[in-house]
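Trainee: What follows is a predicted protein model with its sequence.
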Amino acid sequence: MRKTSFLNTALCAGALALGAGQALAGEGSEITLKSLDGSVVLIGELQGFEAGYYNIIVSVLGLVRIEEGLVTCHSSAIDCAALVSSS
């Protein structure tokens, strides 16, 4: 009984880790966020996209959280539209 329980736990943990890896596929990639009027441009490393907010690390500012509706997203490594629609 213990072996079955251990195996079930290991399989569940593996599935969760795989799912987390897929959800964060763009994490660590360079991203450019531009304000809608074009007056502000932030270039940084994507840390995640959650609840309508981009979380990026900008070299001079550190971790910045920007609402998706206030900026346009540009990246050669990330499909920004898919990132937004998957949240």
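Mentor: Thanks, I have it.
Trainee: Endpoint to endpoint, stretch 51-69 covers what distance?
Mentor: Length of stretch 51-69, first residue to last, Cα to Cα, to the nearest Å: 12 Å.
Trainee: Just the buried residues of that stretch, please?
Mentor: Going by neighbour count (16 or more other Cβ atoms under 10 Å), the buried part of stretch 51-69 is 53-56, 64, 66, 68. Any C-beta I mention is one placed from the backbone N, CA and C, and that applies to glycine too.
Trainee: a markdown table for those, including pLDDT and secondary structure?
Mentor: Formatted as a markdown table, the buried residues of stretch 51-69 follow (pLDDT from 0 to 100; DSSP: H, G, I helix; E, B strand; the rest coil):
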| residue | pLDDT | secondary structure |
| --- | --- | --- |
| Tyr53 | 96 | strand |
| Tyr54 | 96 | strand |
| Asn55 | 96 | strand |
| Ile56 | 96 | strand |
| Val64 | 96 | strand |
| Ile66 | 96 | strand |
| Glu68 | 95 | helix |
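Trainee: Pick out the most distant pair among the residues you listed.
Mentor: With Cβ to Cβ as the measure, no two of the buried residues of stretch 51-69 lie farther apart than Val64 and Glu68, at 13.1 Å.
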